[in-house]
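Trainee: Coordinates for the following, if possible.
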Amino acid sequence: MIRSVSRSNFRNFIFYLCYLSVIVCLGSCAMFGPPKKMKLIQWEEEWSKEIFSEAKSKNLLVILDLEAQWCHWCHVMAQQTYLNEEVTKLIGENFIAVRIDQDSRPELANRYRQYGWPATIIFNSEGKELIKRRGYIEADEMVKLLGQAIENPNVVIEDSPKVNYANEPLLPPELQEELYHRHLESYDYDTGGLKIAKKFIDADSMEYAIFRAFSKDYENDRMARQTLDAGIALVDSVWGGMFQYSTKFTWTNPHYEKIMSTQSNGIRIYTYASKILNEPKYLRVARDIERYLRFYLTSPEGAFYTSQNADLIKGQESDEYFFLENEERKAKGIPEVDKSIYSRENGWAIESITSLYTTTGKNRYLKKAEKAALWIIANRSLKEGGFSHGEEDIVGPYLGDTLAMGRAFLALYQASAKYEWLEKAEAAALFIQSNFQNSEGAGFFTVASSENLVFAPTLVIDENIQMARFSNMLFRLTQNPDYRTIAEHAMRYLATPAIAKKRLTEAGILLANYELSYEPLHVTVVGKKDDPRAKEMFLAAWAHGSVYKIVEWWDESEGQPSLSQVEFPRLDKAAAFVCANQSCSLPAFTVEDLRLLLDKQKLAD
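Mentor: The predicted structure follows:
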């Protein structure tokens with residue numbers, strides 16, 4: 001039986017449906033975008049002194065949103081926090097808003113790297129920092145922060161106290177011992193990696209653990225193997241490549257972005273471990289990461305792109321996507337690749353892929369590395385040996401670009417024995433000395449001084465570690481004391497206790513200190529470059545599991561003197577000499593004899 005409905009009840013029913021429609025509509029607006037009448041934030045896309053001139057003239061504050069194209073939470077914050085009506089109103093009325101891709105501006109990235117991405121920094125019109133926050137900020141919290149800055153524009157964050165740099169370039173014994181204890185204490189003995197919620201391959205800590213394992217340090221051997229085994233979970237089993245990190249103190253809850261620093265460090269560290277720890281599976285990991293670079297982060301010209309997004313659709317988590325197989329993924333689409341080509345990222349990739357060549361002898365790795373290097377030389381070179389970051393830099397040059405390319409050239413020289421690569425590495429070192437040296441103290445600045453800089457240049461620990469090691473190796477190869485001076489200038493910054501103890505662990509400083517303190521193992525192959533036997537011994541010397549070494553190939557017909565400063569005899573066939581502790585071996589004429597010499601030296605070490 002159908003019940004009759006009164007006209008009054010029917011009107012109430014229609015009203016109820018309309019009410020529900022409004023509620024659904026409002027919910028949809030909150031999820032998918034702002035109401036059409038709401039005024040959106042007008043983001044500036046350039047960071048310059050003019051921003052603060054305008055802020056001062058209009059009595060406004062400045063908010064800087066440092067994001068990354070690959071960053072999931074950056075996208076979420078853009079779609080939710082910065083589309084909140086109260087947030088947009090406060091920013092629109094009281095702030096100049098600036099949004100910058102941190103990969104494009106290394107001086108900003110290095111200044112605020114500890115805050116993670118997104119990083120939110122609020123300034124007064126004088127350029128003084130009022131608030132600094134890391135990571136995703138919900139709308140309600142953002143409203144509070146904005147209100148705090150508006151009410152207290154003169155309550156600024158104090159500058160760091162002035163540091164008195166170390167007088168000596170090497171670590172004093174007590175500081176060296178403290179850094180070593182920090183290395184051990186920062187290790188997570190339960191799951192591997194650093195004792196923090198984020199799990200990733202910390203390159204310096206792993207390299208140092210592997211280095212110690214070479215000397216029969218069983219605790220560091222265990223640390224290295226446990227972490228490297230666990231880190232395999234971060235490698236994409238379908239496409240290859242390494243996810244940036246995992247969260248919640250486990251290795252199985254990854255953030256799916258793939259950035260170049262993670263890929264290059266992964267290749268380099270796993271390749272190094274495969275030789276020193278004699279573990280073939282680590283080499284397979286390195287090759288799997290390189291496979292990803294080859295298919296997804298390589299431009300048609302052979303240079304390398306910067307990163308790949310974590311999200312298939314920006315702001316939406318893609319966990320289920322990365323459990324799919326290749327064809328299923330491609331049917332849904334491919335996460336966006338940032339196709340910016342930066343010198344720094346290319347230098348990292350070139351150096352790591354070159355290490356694959358010296359370990360495997362596979363010529364395709366060397367060709368790929370050389371092709372990328374030639375593209376950067378043709379398209380990013382500056383006068384006198386330096387390199388720009390991108391195609392058009394607003395400020396710069398940056399230390400990271402020329403330093404990464406200098407290290408890449410040095411790796412290419414040692415892998416190929418082509419002197420033109422060594423010359424380019426030397427030119428890079430001298431460019432750095434001329435443009436980035438802190439002449440009033442120690443270390444090297446992350447960016448060259450210029451009128452366009454908003455902040456004074458800063459010094460970055462990681463860059464100075466790399467600088468000390470790079471320049472020291474140039475000194476060991478050429479015996480040019482200028483490179484030793486450059487290395488010591490970087491090392492005095494690192495040997496300053498306030499710097500060395502600034503972060504959780506600084507194993508890289510221990511590596512740099514060791515390399516400045518001791519002579520490397522020096523292997524010289526004497527023979528013609530077209531002699532297959534000479535090439536076989538050269539590659540065998542590189543593939544051997546030994547740390548901190550130089551391998552050179554001297555062909556007398558090229559007219560180049562031996563850089564080792566040792567006069568080797570002229571022989572009628574190719575030979576190799578192993579030099580250490582101010583003495584050299586008798587010649588080895590076969591790969592087997594050379595390996596015996598290297599094994600003997602390994603036992604002596």
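Trainee: Which is the succeeding secondary structure element to the helix or strand bottoming out on mean pLDDT in the chain?
Mentor: None of the helices or strands of the chain scores lower by mean pLDDT, DSSP states H and E than helix 7-32, at a mean of 42. For helix 7-32, the succeeding helix or strand toward the C-terminus, using DSSP states H and E, is strand 43-44.
Trainee: From the rest of the structure, what touches the helix or strand following that following strand?
Mentor: Reading on from strand 43-44 to the C-terminus, the next helix or strand found by DSSP H and E is helix 49-58. By CB atoms under 8 Å, 6 or more residues apart in numbering, the surrounding residues in contact with helix 49-58 are 44, 60-62, 96, 98, 123, 125-127, 452, 454. From N, CA and C alone the C-beta is placed, and that goes for glycine too.
Trainee: Out of the residues you listed, which sit inside strands?
Mentor: Those of the contacts of helix 49-58 mapping onto strands are 44, 61-62, 96, 98, 123, per DSSP state E.
Trainee: surely Thr88 meets Leu40?
Mentor: Yes. Contact criterion CB atoms under 8 Å: Thr88 and Leu40 qualify, at 6.4 Å.
Trainee: Those two - which one has more neighbours?
Mentor: Thr88 (20 against 12; other CB atoms under 10 Å).
Trainee: Look up phi and psi at the nearest residue in space to the more buried one that is not next to it in sequence.
Mentor: Spatial nearest neighbour of Thr88, chain neighbours left out: Ile41 (5.3 Å); criterion: CB to CB, 6 or more residues apart in numbering. Dihedral angles of Ile41 (phi, psi; degrees, to the nearest 10) stand at phi -70, psi 130.
Trainee: Then Glu370?
Mentor: phi -70, psi -40.
Trainee: quick one: it from Trp239, how far?
Mentor: 25 Å (CB to CB, to the nearest Å).
Trainee: Repeat that for Glu279.
Mentor: Going from Glu279 to Trp239 by CB to CB gives 23 Å.
Trainee: Phe211 and Ala512 touch, don't they?
Mentor: No. Using CB under 8 Å, Phe211 makes no contact with Ala512, being 11.7 Å away.
Trainee: what residues are shared contacts of these two?
Mentor: Common neighbours of Phe211 and Ala512, counting by CB under 8 Å, 6+ apart, are absent.
Trainee: The two: who's more crowded?
Mentor: Counting neighbours by other CB under 10 Å for Phe211 and for Ala512 shows that Ala512 has the greater number, 28 against 20.
Trainee: list the contacts for the more buried one?
Mentor: 465, 468-469, 472, 490-491, 494.
Trainee: Please enumerate the helices of the stretch 451-600 of the chain.
Mentor: 461-478, 481-494, 497-500, 507-517, 532-543, 591-604 (DSSP state H, counting those that start in this stretch).
Trainee: Equivalent analysis for the stretch 201-350 of the chain, please.
Mentor: Using DSSP H, counting those that start in this stretch, the helices found in the stretch 201-350 of the chain span residues 203-214, 218-231, 260-276, 280-296, 326-332, 343-360.
Trainee: closest to Leu179 out of those helices?
Mentor: helix 203-214 (9.8 Å; CB to CB).
Trainee: Tell me how many other residues surround Lys248.
Mentor: Lys248, neighbours per other CB under 10 Å, totals 10.
Trainee: Same question for Ala149.
Mentor: Quick note: Ala149 (other CB under 10 Å) scores 21 neighbours.
Trainee: And it, what's its pLDDT?
Mentor: Looking at Ala149, its pLDDT reads 96.
Trainee: Verify the assumption that it is located in a strand.
Mentor: No. Per DSSP: H, G, I helix; E, B strand; the rest coil, Ala149 lies outside any strand segment and is helix.
Trainee: Tell me how far stretch 410-427 lies from the chain's centre.
Mentor: With CA atoms, centre = their mean, to the nearest Å as the basis, stretch 410-427 stands 22 Å off its chain's centre.
Trainee: ok, now stretch 189-203?
Mentor: On CA atoms, centre = their mean, the centre of stretch 189-203 falls 17 Å from the chain's centre.
Trainee: do the same with stretch 266-278
Mentor: Worked out by CA atoms, centre = their mean, stretch 266-278 lies 18 Å from the chain centre.
Trainee: What residues of it count as buried?
Mentor: Of the residues in stretch 266-278, 266-277 count as buried by neighbour count, 16 or more other CB atoms under 10 Å.
Trainee: Could you measure from Ser215 over to Ala580?
Mentor: 14 Å.
Trainee: doesn't Ser318 make contact with Tyr256?
Mentor: Yes. Assessed by CB under 8 Å, Tyr256 is found in contact with Ser318 at 6.0 Å.
Trainee: Looking only at stretch 493-504, what residues are buried by neighbour count?
Mentor: Residues 493-497, 499-500 are the ones in stretch 493-504 that count as buried (16+ other CB under 10 Å).
Trainee: any chance of the residues you listed in JSON lines, with distance to Glu558 too?
Mentor: Shown next, in JSON lines, are those (distance: CB to CB, whole Å):
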{"residue": "Tyr493", "distance to Glu558": "38"}
{"residue": "Leu494", "distance to Glu558": "37"}
{"residue": "Ala495", "distance to Glu558": "39"}
{"residue": "Thr496", "distance to Glu558": "43"}
{"residue": "Pro497", "distance to Glu558": "47"}
{"residue": "Ile499", "distance to Glu558": "43"}
{"residue": "Ala500", "distance to Glu558": "43"}
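Trainee: and of these, the nearest to Asn84?
Mentor: Looking across these and measuring by CB to CB, the closest to Asn84 is Ile499, at 40.1 Å.
Trainee: Enumerate every residue touching the closest one.
Mentor: With contact set as CB under 8 Å, 6+ apart, Ile499 has these partners: 163, 461, 493.
Trainee: Make JSON lines out of the residues you listed and add pLDDT and distance to Asp531.
Mentor: Shown next, in JSON lines, are the contacts of Ile499 (pLDDT from 0 to 100; distance: CB to CB, whole Å):
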{"residue": "Val163", "pLDDT": "90", "distance to Asp531": "53"}
{"residue": "Ile461", "pLDDT": "97", "distance to Asp531": "44"}
{"residue": "Tyr493", "pLDDT": "98", "distance to Asp531": "45"}
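Trainee: Now render the residues you listed as TSV, adding distance to Ala286.
Mentor: Output for the contacts of Ile499, formatted as TSV (distance: CB to CB, whole Å):
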residue	distance to Ala286
Val163	38
Ile461	26
Tyr493	31
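Trainee: Looking at the residues you listed, spot the one nearest Arg329.
Mentor: Ile461 (38.0 Å).
Trainee: residue contacts, the closest one?
Mentor: Contacts of Ile461 by CB under 8 Å, 6+ apart are 494, 499, 502-503, 506, 508-509.
Trainee: Just the closest of the residues you listed to Arg595, please.
Mentor: Distance to Arg595, by CB to CB, is smallest for Gly508 among the contacts of Ile461, at 30.3 Å.
Trainee: Show me the strands in the stretch 301-450 of the chain, by range?
Mentor: 307-308, 337-338 (DSSP state E, counting those that start in this stretch).
Trainee: Kindly provide the distance from the spatially most central residue of the chain to Gly347.
Mentor: With distances taken as CA atoms, centre = their mean, the residue of the chain nearest its centroid is Ser261 (3.5 Å). Separation of Ser261 from Gly347 (CB to CB): 11 Å.
Trainee: Okay, now the unreliable bits of the stretch 101-250 of the chain?
Mentor: The stretch 101-250 of the chain contains residues with pLDDT under 70 at 115.
Trainee: so which of the helices of the stretch 451-600 of the chain gets nearest Glu219?
Mentor: Short answer: helix 507-517, nearest of the helices of the stretch 451-600 of the chain by CB to CB, at 13.7 Å.
Trainee: tilt between the closest one and helix 481-494?
Mentor: 150 degrees (axes from the mean of the first three to the mean of the last three CA atoms, to 10 degrees).
Trainee: Would you quantify the distance from the residue lying closest to the residue nearest to the centre of the chain once chain neighbours are set aside to Gln102?
Mentor: Once flanking residues are discounted, Ser261 sits nearest to Trp348: 6.3 Å by CB to CB, 6+ apart. Computed as CB to CB, the Trp348 to Gln102 distance reads 16 Å.
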